[in-house]
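Visitor: A structural model of the following input is requested.
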Amino acid sequence: MADILSGKEVAQALGEKLKGEVDQLKSRGIVPGLAIVIVGDRPDSMSYIKGAQKKCSEIGIDCRLVQLPEDLSEKEFVSKIHQLNEDRNVHGILVMRPLPAHISEDRVKYEISPLKDVDCFNPANIAKVMSGEEGGFAPCTPSAVMEILDHYGIELGGKRAVIVGRSMVVGRPLAMMMLRRNATLTICHTKTVDLAKETSRAEILVAAAGKARMIKKDMVGSGAVVIDVGINFDENGKMCGDVDFEAVKDVAGKITPVPGGVGSVTSTVLAKHVIRACRMLIDSEA
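Guide: Okay, the predicted model is just below:
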C-alpha cells in the first residue's frame, strides 16, 4: 500500500513559512499585492479565484480581483494590463485563462510585465524556464509538483522520471525543472506507442494528460512515486485524477490523491511567487 503524499500538508508547511516572510515585509511597511484578472465569470475560474483569495488572506497578501466584462475589447484589456504593470501596489498579476475568443492570447501574453507574471503567461518567463535561467516564474502547477517532491525528500538526481503530458502549462516546463535536478526524463503523451511500457519503467511517474483514470495498475512499476496532476470528473460527477488511484495505490510506493494532492498546493505556490516578485522589486530599487 502506497504512502499518501498529502498536498494539504505541503501547503500548510509552505504557508507557515510564507506568513513569516510577509510579516517581515510588513514590518518594513511593505504589503505584497496580487491582482487576479478575469474576463467574464466562468464558474471554474471563479472557484479557483475564491481559493486563491482565501490563501492570500491567510498568508497576508493583498489580493485584488479585477473582473472585466465579457464584451471588453482586446485594446481595453491590454490597457488594463498596462495599468496593473504600472501600479506599484501590485507585485504579481494572474490572468485567468482561457480568455474570450475575441481576445488573442498569442497577442496579449506579451503585454504583462515579466517581473509581475507570477504564473508564466509571458513567453519571456517560459523561455527562462525552458533554458534553465534563474529569475523567472515557472507555471504554478509544475512548481507545486516540485514543492511536493521537496517536502517529502524525494530525490530526482539520476532517477528515471516519466511525464505523461506535453502541455506548456505542465508537462514541458515540469520536464525542464526536473532535468535541472538531474533526473533522466521521458516525455510521453496520449499518442505514445506502448505507453504502459514507458510508464512502468518510471521511478517517478507524473500524470498530466487530462484524461480521467488513464494510468492503470499495470502501467505503474512496483514502488514508484506517482504524482497525479489531473483534475477530471467521471460519469458520476466525482472528481478524479489521471491515475486510477484505488488500483494504483496497491503497487505504487508513494502517490498523490485527487483531490488533496497537487491542486492543493498551487495557490500557495502562487502566493510564494507574489512574495518573490515583491522582493525582486525591492532589490531593484535598493
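Visitor: which stretches of the protein aren't confidently modelled?
Guide: 286 (pLDDT under 70).
Visitor: can you pull out the strands in it?
Guide: 3-4, 33-39, 62-68, 92-95, 160-164, 184-188, 204-207, 225-228, 232-233, 239-240, 254-255 (DSSP state E).
Visitor: other SSEs contacting the last one?
Guide: Okay, so that is strand 254-255. strand 3-4, strand 225-228 (3 or more C-beta pairs under 8 Å, 6 or more residues apart in numbering; DSSP states H and E). C-beta: built from backbone N, CA, C; applies to glycine.
Visitor: what's in contact with the longest one?
Guide: Just to be clear, that refers to strand 225-228. Strand 225-228 is contacted from outside by 2, 5, 145, 148-149, 154, 203-207, 215, 220, 241-243, 245, 248, 252-258, 261-262, using C-beta atoms under 8 Å, 6 or more residues apart in numbering.
Visitor: and with 7 Å instead?
Guide: Residues from elsewhere that reach strand 225-228, judged by C-beta atoms under 7 Å, 6 or more residues apart in numbering: 145, 148, 154, 203-207, 220, 241-243, 248, 252-256, 258, 261-262.
Visitor: what's around G261, how many residues?
Guide: For G261, the count of nearby residues is 28 (other C-beta atoms under 10 Å).
Visitor: Contacts only, for the nearest residue to it once chain neighbours are set aside.
Guide: Leaving aside its sequence neighbours, G261 sits nearest to G7 (C-beta to C-beta, 6 or more residues apart in numbering; 4.4 Å). G7 makes contacts with 148, 256, 260-265, as judged by C-beta under 7 Å, 6+ apart.
Visitor: Closest one of those residues to L68?
Guide: Set against L68, the nearest of the contacts of G7 by C-beta to C-beta is G263 (25.4 Å).
Visitor: okay, now the closest one: neighbour count?
Guide: Neighbourhood size, G263 [other C-beta under 10 Å]: 23.
Visitor: Apart from its chain neighbours, what residue comes closest to it?
Guide: Using C-beta to C-beta, 6+ apart, the closest residue to G263 is I231 (5.9 Å).
Visitor: burial count for the one you found?
Guide: Close neighbours of I231, defined as other C-beta under 10 Å, add up to 18.
Visitor: Hmm, it is touching V262, no?
Guide: No: the criterion here is C-beta atoms under 7 Å, and I231 misses it with V262 at 8.6 Å.
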